[in-house]
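Q: Attaching a predicted model along with its sequence, questions to come.
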Amino acid sequence: SNSVSDDYSTQRTNDDATQCKYFAVQKGYWKDEFIGRFVSGANEETSRFPEISLGYWCRTKIVEQHVKQFINKFSGKVQIISLGSGFDTLFWRLSAENLKFLKFVEVDFASVTSRKIRNIMKPGTPEMTSFFSEKPSIIHHTDLHSGNYHLIGADLRQLGELNTKLDAADLDNSIPTICIAECVLVYMSGSHSSALLEALCSRFKKLSFLNYEQFRSSDEFTKVMEANLGNRGIQLHGLSMCESADKQKERFNMAGFSSVEVHDMNEVFNRILDPADATRVKKIEMLDELELLWQLLAHYCVVYAENH
Ligand code: SAM
């Protein structure tokens with residue numbers, strides 16, 4: 001049916017994100033000694049425009065920066081939940097830097113988590129499992145639980161299933177918790193993402209939500225996005241993009257978040273991230289014509305919301 005093929009394309013956007021991140025890391029945009037473990041050999045050679053790598057640099061850095069600030073603010077007594085985590089490596093990057101937190105939970109479709117578990121369990125250097133606080137116990141092929149790290153297969157639109165799976169990760173609803181959605185909500189209908197935000201907001205008493213995604217929909221941008229993914233065999237139709245920063249604020253407010261901050265990625269690139277690092281990455285592929293980059297970044301935003 002239609003919805004099945006849509007879910008399949010949505011899951012494949014993770015392969016694209018993983019390859020883009022791997023490519024950017026290879027070029028030196030940022031360091032990630034783990035991402036290569038999640039790349040399938042055949043696609044390693046794919047090259048990307050510098051604008052794409054700079055966009056991913058910005059995205060990776062702003063997520064990392066927010067999460068590190070959150071960890072430091074509460075001296076590590078926090079829970080981190082990555083929604084639609086795909087093959088993201090944040091758990092390992094933070095752990096390799098010796099940052100402490102109580103729980104790191106990743107959620108994605110079961111077909112994605114089962115592939116992630118296989119990659120995590122493959123022997124390699126360093127061992128991915130050596131970063132867990134306890135030896136992993138695999139409940140079944142889609143769910144892995146191991147002390148401070150949990151990977152669970154669930155559809156974020158099925159809130160009953162999601163809540164049950166979160167229970168299995170042994171979360172404490174009163175502890176400061178940050179949810180990350182990095183290019184995820186845009187693949188769900190507006191009503192599904194609002195229901196998800198509301199459910200999390202009422203479950204966790206001290207919740208912060210970090211949302212990164214495309215916004216300011218326009219016909220041109222949608223065409224470019226769909227053509228770009230189409231070139232890699234991913235058929236996506238009808239991303240549900242917020243029209244504006246105000247619309248992002250509105251939906252987070254409606255879901256129960258009392259404070260909401262929205263920045264487009266131009267602001268993030270030029271005013272929020274470390275200027276020395278921004279200067280460094282612009283030189284990597286000697287991009288001297290920046291107009292396209294600014295146009296691209298204007299279509300992405302980061303939302304930081306709190307419910308307390
Ligand atoms: N957050 C990761 C990153 O930034 O590298 C992956 C991003 S990828 C573009 C989108 C991810 O969201 C995919 O892994 C997809 O399977 C997941 N996703 C989208 N809708 C979902 C849903 N309803 N339930 C669970 N996962 C979902």
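A: The structure has been received and is ready for your questions.

Q: where do the strands sit along the stretch 101-250 of the chain?
A: For the stretch 101-250 of the chain, strands defined by DSSP state E, counting those that start in this stretch occupy the ranges 103-108, 137-140, 143-146, 149-153, 177-182, 207-214.

Q: now the ones you listed in TSV, with mean neighbour count and mean pLDDT?
A: For glycine as for every other residue, the C-beta is placed from the backbone atoms N, C-alpha and C. Below are the strands of the stretch 101-250 of the chain laid out as TSV (neighbours: other CB atoms under 10 Å; pLDDT from 0 to 100):
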stretch	mean neighbour count	mean pLDDT
strand 103-108	24	98
strand 137-140	12	76
strand 143-146	20	95
strand 149-153	24	97
strand 177-182	24	98
strand 207-214	23	97
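
Q: So which of these is nearest the ligand?
A: For the strands of the stretch 101-250 of the chain, proximity to the ligand was assessed by CB to the nearest ligand atom; strand 177-182 is nearest, at 3.5 Å.

Q: Contacts for the closest one, please.
A: The contact list for strand 177-182 (CB atoms under 8 Å, 6 or more residues apart in numbering) reads 59, 63, 66-67, 70, 78-85, 88, 90, 171, 200, 204, 206-213.

Q: can you give me the end-to-end distance of stretch 97-113?
A: One end of stretch 97-113 to the other measures 24 Å (CA to CA, to the nearest Å).

Q: before we move on, what about stretch 266-280?
A: End-to-end for stretch 266-280, by CA to CA: 16 Å.

Q: got it, and stretch 185-192?
A: Stretch 185-192: ends 9 Å apart by CA to CA.

Q: Is any residue of that stretch near the ligand?
A: Yes. Residues of stretch 185-192 contacting the ligand under CB under 6 Å from any ligand atom: 187-188.

Q: for the helix or strand bottoming out on mean pLDDT in the chain, packing partners?
A: When each helix and strand of the chain is scored by mean pLDDT, DSSP states H and E, strand 137-140 comes last, with a mean of 76. If you count contacts as 3 or more CB pairs under 8 Å, 6 or more residues apart in numbering; DSSP states H and E, strand 137-140 packs onto strand 143-146.

Q: Kindly format the C-alpha coordinates of the strand it packs on as PDB.
A: Presented in PDB, the C-alpha positions along strand 143-146 are these (Å, rounded to 0.1, in the frame of the first residue of the first chain):
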ATOM      1  CA  ASP A 143      15.600  -3.900  20.800                       C
ATOM      2  CA  LEU A 144      18.800  -3.600  22.800                       C
ATOM      3  CA  HIS A 145      19.100  -2.700  26.500                       C
ATOM      4  CA  SER A 146      22.400  -2.200  28.300                       C
END
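
Q: That one pairs with which strands, parallel or anti?
A: When pairing is defined by DSSP bridges, strand 143-146 lines up against strand 137-140 (antiparallel), strand 149-153 (antiparallel).

Q: Could you identify the buried members of the contacts of strand 177-182?
A: 59, 63, 66-67, 70, 78-85, 88, 90, 171, 200, 204, 206-213 (16 or more other CB atoms under 10 Å).

Q: looking at the strands of the stretch 101-250 of the chain, which is closest to Leu162?
A: strand 103-108 (7.1 Å; CB to CB).

Q: quick one on the thing from earlier: rebuild the strands paired with strand 143-146 as TSV, extending it with distance to Asn98.
A: Listed next are these as TSV, based on distance: least, CB to CB, whole Å:
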stretch	distance to Asn98
strand 137-140	25
strand 149-153	15
